[in-house]
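A.B. asks: sequence? don't have it. structure:
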């Protein structure tokens with residue numbers, strides 16, 4: 001597959017302009033609000049993404065709660081979103097996991 005994706009840990013709203021400058025077109029957030037004190041909210045990051053001209057989608061889930069509904073929502077958005085895309089959670093592992101699950105289920109377009 002020729003997807004242009006990167007996985008990372010938590011981003012902040014002030015990092016979003018640099019993410020756009022680095023050529024990313026889409027951000028996907030897999031981290032629920034409130035996992036840690038002082039964690040930026042999804043709404044704050046979404047506002048920064050919109051201001052920077054990036055598409056944004058939150059498909060959040062706790063680390064051990066990934067299910068079919070999450071994977072299908074991720075794949076639906078992923079397949080219509082512009083690449084390259086940055087997918088984040090607390091460490092990047094959750095985001096990589098949902099991407100790999102969608103690939104294994106053959107839900108992602110080539």
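C.D. replies: Thanks, I have it. Owing to the predicted nature of the structure, the values given are computational and were not obtained by experimental measurement. Residues are numbered from 1 along each chain as shown.

A.B. asks: what residue ranges in the protein score low on pLDDT?
C.D. replies: 1-2 (pLDDT under 70).

A.B. asks: if you set the cut-off to 80 instead, what comes out?
C.D. replies: 1-2, 110 (pLDDT under 80).

A.B. asks: ok, now which ones touch the residue most central in space within it?
C.D. replies: Against the mean C-alpha coordinate of the chain, by C-alpha atoms, centre = their mean, the closest residue is residue 28 at 1.9 Å. The neighbours of residue 28, taking C-beta atoms under 8 Å, 6 or more residues apart in numbering as the test, are 56-59, 74, 77-78, 81, 85-88, 95. Using the backbone N, CA and C atoms, a C-beta is placed for each residue, glycine as well.

A.B. asks: Tell me which residues are up against stretch 81-94.
C.D. replies: Against stretch 81-94 from outside (C-beta under 8 Å, 6+ apart): 3-11, 19, 23-31, 35-36, 55, 57, 61, 63, 66, 78, 95-96, 98-99.

A.B. asks: for it, the distance to its chain's centre please.
C.D. replies: 4 Å (C-alpha atoms, centre = their mean, to the nearest Å).

A.B. asks: do stretch 99-110 as well
C.D. replies: Counting by C-alpha atoms, centre = their mean, stretch 99-110 comes out at 15 Å from the chain centroid.
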